[in-house]
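**Q** what follows is a predicted structure for the sequence shown.
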Amino acid sequence: MENDWPRIDVLVLVESEVVFAGLEAALKSLKRVRVVYSCREDTLAAVLAESKPGVLIVALEQWVLLANYQADHECTLPPVLVLGDSYDTHSHLFASLPVDGFLSLSDLSVRSLSDALDRVIDGEMPMPASLARQLLAANSTVRAGGDGRSVSLTPRERETLSLLVKGMSNKQIARAMNISGHGAKRLVGSLLLKLGASNRTAAVITALKAGLG
């Protein structure tokens, strides 16, 4: 049934008016979205203090500004969905920046946007295949400068990690490993705990640094 989930408000922090216009139109076409509104970098704190958006969509260029946001403000961030394509120059910040999912700007569509929102709200981390490939390509470079962290993973956890690096959701991991959704969620949670990571992207980065990817 299409109305068995709550509708959400979406806050957008995107500097480009053209990108915002396209994003706003796509969001307003989704039945799950109730209200779409925007803010600037200097009004983000005030807007969040006065409202409670279900998701914050932020452009890659503005994403880096969130690094110290939660430490400097009393209000917490809603789930953060990052919009962009060229993550190369920011990959070293992935583990420290608040993020709950990624959305490709070049492949942006109503369908991809709807899927990303659903997965973020469900506690998963959508990640374009292009970003997963970037992380894998950087693996050898990151290993060379590894931090020496010693992490012991079970065979199932290693299999889960390999699927996580490919950007798979919990549901996709469950299907690939022929286990239940609950089992996949438990394995991902175990990985986050062992790697000391607060989110799936941080787990992937930490694993690559430790030579586990």
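**A** Everything's here; your move.
**Q** where do the domain boundaries of this protein fall?
**A** Domain assignment of the chain by automatic domain parsing yields the ranges 8-126, 134-209.
**Q** rank those domains by pLDDT, which is bottom?
**A** Set side by side, the domains of the chain differ in mean pLDDT, and domain 134-209 is lowest with a mean of 74.
**Q** picking up where we left off before, would you reformat the domains of the chain as a markdown table and include mean neighbour count?
**A** Using the backbone N, CA and C atoms, a C-beta is placed for each residue, glycine as well. Converted to a markdown table, the domains of the chain look like this (neighbours: other CB atoms under 10 Å):
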| stretch | mean neighbour count |
| --- | --- |
| domain 8-126 | 17 |
| domain 134-209 | 17 |
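**Q** next secondary structure element downstream of the longest helix along the chain?
**A** Longest helix of the chain, by residue count under DSSP state H: helix 181-195. Next in sequence after helix 181-195, counting helices and strands by DSSP states H and E, comes helix 200-209.
**Q** dump that following helix to PDB, restricted to CA.
**A** C-alpha atoms of helix 200-209 as PDB (Å, rounded to 0.1, in the frame of the first residue of the first chain):
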ATOM      1  CA  ARG A 200      28.700   2.300   6.400                       C
ATOM      2  CA  THR A 201      31.000   4.600   4.500                       C
ATOM      3  CA  ALA A 202      33.300   5.000   7.500                       C
ATOM      4  CA  ALA A 203      33.400   1.200   7.800                       C
ATOM      5  CA  VAL A 204      34.500   0.900   4.200                       C
ATOM      6  CA  ILE A 205      37.200   3.500   4.600                       C
ATOM      7  CA  THR A 206      38.500   2.000   7.800                       C
ATOM      8  CA  ALA A 207      38.500  -1.500   6.300                       C
ATOM      9  CA  LEU A 208      40.400  -0.300   3.200                       C
ATOM     10  CA  LYS A 209      43.000   1.500   5.400                       C
END
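**Q** I'd like the distance from that helix to the chain centre, please.
**A** Relative to the centre of its chain, helix 200-209 is centred 13 Å away, using CA atoms, centre = their mean, to the nearest Å.
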